[in-house]
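Quick check, what structure comes out for this input:
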Amino acid sequence: MKDVSRHLFAVVSALLLGSLFEVTPAIGADKDEKEVSLSVEELKRLDTFEAHTLAKADQVFIKQQFRQALAEYDSFILEFPRSKLIPYALLRKGRCSQLDAKRFQAIAVYREILDYFPNDVKYAAAALFYVGDCHFANGDLQKAMKAWAEMAEDKEYRKQYLAAPAINHLADQLMKQEKEAEAVKHYEQVAVDFRKDNHNASVHARDPVIRHYVLTDPSEPNFRRFYTNMRTFEHNPRTVEPNLNEDKTYWDVLRHYIRHHGNSFTTSSNVTTSNTDEKVAQARKSFYTYWSGQMQGKFTSSLAAEIEYGDGFHIELANFRLAAAGDQGAWYQYLDGRYNRLQKSGNWQRTARWMALYAGNATKVEQYYKKVNFADVDNDARVAVMKALWETPETKPLARKLMDKLDFGKMTNDELGQAALHFHEDDQVLSARFIGKIDFKKMTGTQTGSLARSFWPIDQQLSKMLLPKIRYGEIEDKEIAGIAGRFWDCSGEVVRDVCLRTKDQAYGKFELLRYYHDRHRGWNPSAGLPLADGLVKVDRYATEAWWAKAEFHESLKEYAKAIAAFQNCQNEPANLWRIAHCHWKLKKPTSAFTQLREIENFFPKEGSKAAMQTAHWYRDGGDKKKYIAALRSVLKKYPDSDQSKEAHELLEKEGYKTGGGVDAN
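All right, here's what the predicted structure looks like:
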């Protein structure tokens, strides 16, 4: 019989221990943190009775019943004082106090670990992190930074998972103190060392390091070293080529950050002076001079396969030089030289690129336009050149002339529609010519609707002219609803007209009701109520219609009608909350409190919220005696809830002592 009992005890213990093999997410902590858990090796060192007691405590901790969990960990420490996992139990005991807002008590427990188990790195490092965390929450920044600095300086502690957020916190504070160079050393360690083990912390640390090496103290060698040590900045690290001088990926990344941080050269306030403007201008000049110099001499290959990338690279180099010196003439000279040196016969794409590059300068655009031999280029080339000409007002007449050289028969319906959009003007002439070539019989309803929606911001008249070209009788109701949906954010009139074209009228009205019930776009209680009144009688739409009807009445302050509608909804307790609110708005507190008690009694997960709402309404109603009693009731009935902590704070604010186990630091 004794053997059977032992076997059953072992089975129960094993089941309880199952959760300990998993990493426990941090409770009430940053996303970069996670609760320190037992490893498989540590569990193997426990005897059955130790394992059972500790697992029981952990189960309560995971349920966030921190006061009970603290008692369970205390029980373990008293029962097994020689256990090798006393540091773990102490750490969890400290976490219970910390998460119960008793931070000074937690610090004392963490200090016990640091005093008696400093070489048990896994738990000592975590204890040191949480000491800083508690001090920070208490508003004692100096002590928090001291704790995190200790962690950063210890060769063993700083390798632990929680070292990442600790050192990041330290660096964040150094940044606030304008000690960027010192902060960057810490950030760089976290970014590199925790690249795989703590991705979020690594990313948090990475960005200020990049900013420092690109903007604050520009250094391509330091940026390159950091990029190499990080094994790229991509989500998944990979091996970096030893020579990055001609590595396109590396230079794409670097140029991205140069552009990004180059946007920071603005004055720090709306009130500018010649002195601040001069400083900004000098900083901008130094920044772009340095980086354009680092780009010089790279990607100069004349191989056809390399020219396109090299063009983009050197166009940006020229732009950086222009930003540094402001010499527009030198910019044209550099880019003209690049074009002339590497241009191949028949490469109209490159010519069109230069025309687009020079948009705004009619002389330069026309100069390059004359380089195109239209007898030797296809329709795509002509459209591309038209687009380049269109960007400069003075060369638009040349674009219009090219219309007669287009072969519309070689353009798809989508290409014609996009051209109509691109070449749109108030007189609609070019747009009308392109639209006139579209074969709408070969366009789906969705395609035509999408084109109409694209025109809406620039020409509502043309948009409305396109909508009747949709063959509503030939498409499914779902597609019609989708077309209406494209106009939700711009035209209620179009939404209504399109929805009412469905073959199933109830379905169309329901889609229109959804629009009127959308809080962010179509919200319209007055227009929506007649639809809701009709649809509550249609079984397949009744559930949503009743809820919309109730919310419409509530919005119109027709609270009695709203209550009647909410009572027809089948989504308890959500509707019960709204009913209580409506009673309160009708100045019927007795009915409101009755509804809250129903929520509290029949929906346990909502109990603490309902009890706290009761307290709030007693306060709002001016009944202080019942307000205090309701807060005490929350403390007593729901001690581990968020509302209990709120009640504790509100009682202290009112000058009442909570006493007993509900005290908090």
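
Check the offset of stretch 579-596 from the chain's centre.
38 Å (CA atoms, centre = their mean, to the nearest Å).

All the helices of the stretch 501-650 of the chain, residue numbers only.
Ranges of helices within the stretch 501-650 of the chain are 505-516, 525-535, 539-555, 559-566, 574-585, 589-602, 607-620, 624-637, 642-653, based on DSSP state H, counting those that start in this stretch.

Give me the contacts around the fourth one.
Surrounding helix 559-566, the residues in contact under the criterion CB atoms under 8 Å, 6 or more residues apart in numbering are 546-547, 549-551, 553-554, 575-576, 578-579, 582-583, 585-586. All C-beta atoms are positioned from the backbone trio N, CA, C, and that covers glycine.

now the helices of the stretch 501-650 of the chain as TSV including mean pLDDT, distance to Gln68 and mean neighbour count?
Below are those laid out as TSV (pLDDT from 0 to 100; distance: least, CB to CB, whole Å; neighbours: other CB atoms under 10 Å):
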stretch	mean pLDDT	distance to Gln68	mean neighbour count
helix 505-516	98	47	21
helix 525-535	98	48	18
helix 539-555	98	39	20
helix 559-566	98	38	21
helix 574-585	98	29	20
helix 589-602	97	22	17
helix 607-620	97	16	20
helix 624-637	95	15	17
helix 642-653	93	13	17
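
Among the contacts of helix 559-566, which one lies nearest to Leu46?
Looking at the contacts of helix 559-566 and their distance to Leu46, the nearest is Leu576, at 47.4 Å (CB to CB).

Chain neighbours aside, what residue packs nearest to Glu646?
Met612 (6.5 Å; CB to CB, 6 or more residues apart in numbering).

where along the stretch 301-450 of the chain do the helices fall?
With DSSP H, counting those that start in this stretch as the criterion, the stretch 301-450 of the chain has helices spanning 304-325, 328-342, 348-357, 362-369, 379-390, 396-402, 413-422, 429-436, 445-455.

Dump the first one to PDB, keeping only the CA atoms.
Coordinates of each C-alpha in helix 304-325 appear next as PDB, following Å, rounded to 0.1, in the frame of the first residue of the first chain:
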ATOM      1  CA  ALA A 304      26.300  46.000 -68.500                       C
ATOM      2  CA  ALA A 305      25.000  43.900 -65.600                       C
ATOM      3  CA  GLU A 306      26.500  46.300 -63.100                       C
ATOM      4  CA  ILE A 307      25.600  49.700 -64.600                       C
ATOM      5  CA  GLU A 308      22.000  49.900 -63.200                       C
ATOM      6  CA  TYR A 309      23.100  49.400 -59.600                       C
ATOM      7  CA  GLY A 310      26.100  51.700 -60.100                       C
ATOM      8  CA  ASP A 311      23.800  54.400 -61.500                       C
ATOM      9  CA  GLY A 312      21.600  54.300 -58.400                       C
ATOM     10  CA  PHE A 313      24.700  54.400 -56.200                       C
ATOM     11  CA  HIS A 314      26.300  57.300 -57.900                       C
ATOM     12  CA  ILE A 315      23.100  59.300 -58.200                       C
ATOM     13  CA  GLU A 316      22.900  59.100 -54.500                       C
ATOM     14  CA  LEU A 317      26.600  60.000 -54.100                       C
ATOM     15  CA  ALA A 318      25.900  63.100 -56.300                       C
ATOM     16  CA  ASN A 319      22.800  63.900 -54.100                       C
ATOM     17  CA  PHE A 320      25.000  63.700 -50.900                       C
ATOM     18  CA  ARG A 321      27.600  66.000 -52.500                       C
ATOM     19  CA  LEU A 322      24.800  68.400 -53.400                       C
ATOM     20  CA  ALA A 323      23.500  68.400 -49.800                       C
ATOM     21  CA  ALA A 324      27.000  69.100 -48.600                       C
ATOM     22  CA  ALA A 325      28.100  71.900 -51.000                       C
END
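
hmm, who's touching that helix?
Residues outside helix 304-325 that contact it (CB under 8 Å, 6+ apart): 248, 251, 255, 258-259, 262, 284-285, 287-289, 291-292, 295-296, 298-301, 327-328, 330-331, 334-335, 338, 342, 344, 350, 353, 357.

Would you mind measuring from the residue lying closest to Ser219 once chain neighbours are set aside to Glu188?
Once flanking residues are discounted, Ser219 sits nearest to Tyr213: 5.2 Å by CB to CB, 6+ apart. To Glu188, Tyr213 is 9 Å away according to CB to CB, to the nearest Å.

which residues do those two both contact?
Shared contacts of Tyr213 and Glu188 (CB under 8 Å, 6+ apart): Phe226.

quick one: contacts for the residue nearest to Ser219?
Shown in contact with Tyr213 (CB under 8 Å, 6+ apart): 219, 222-223, 226.

confidence score at it?
Tyr213 is assigned a pLDDT of 98 by the prediction.

cool, and the one 3 residues further on?
We note a pLDDT of 96 for Thr216 in this prediction.

can you count the residues close to the residue nearest to it when sequence neighbours are not counted?
With sequence-adjacent residues excluded and distances taken as CB to CB, 6+ apart, Thr216 is closest to Glu180, at 6.0 Å. Counted with other CB atoms under 10 Å, residues neighbouring Glu180 total 16.
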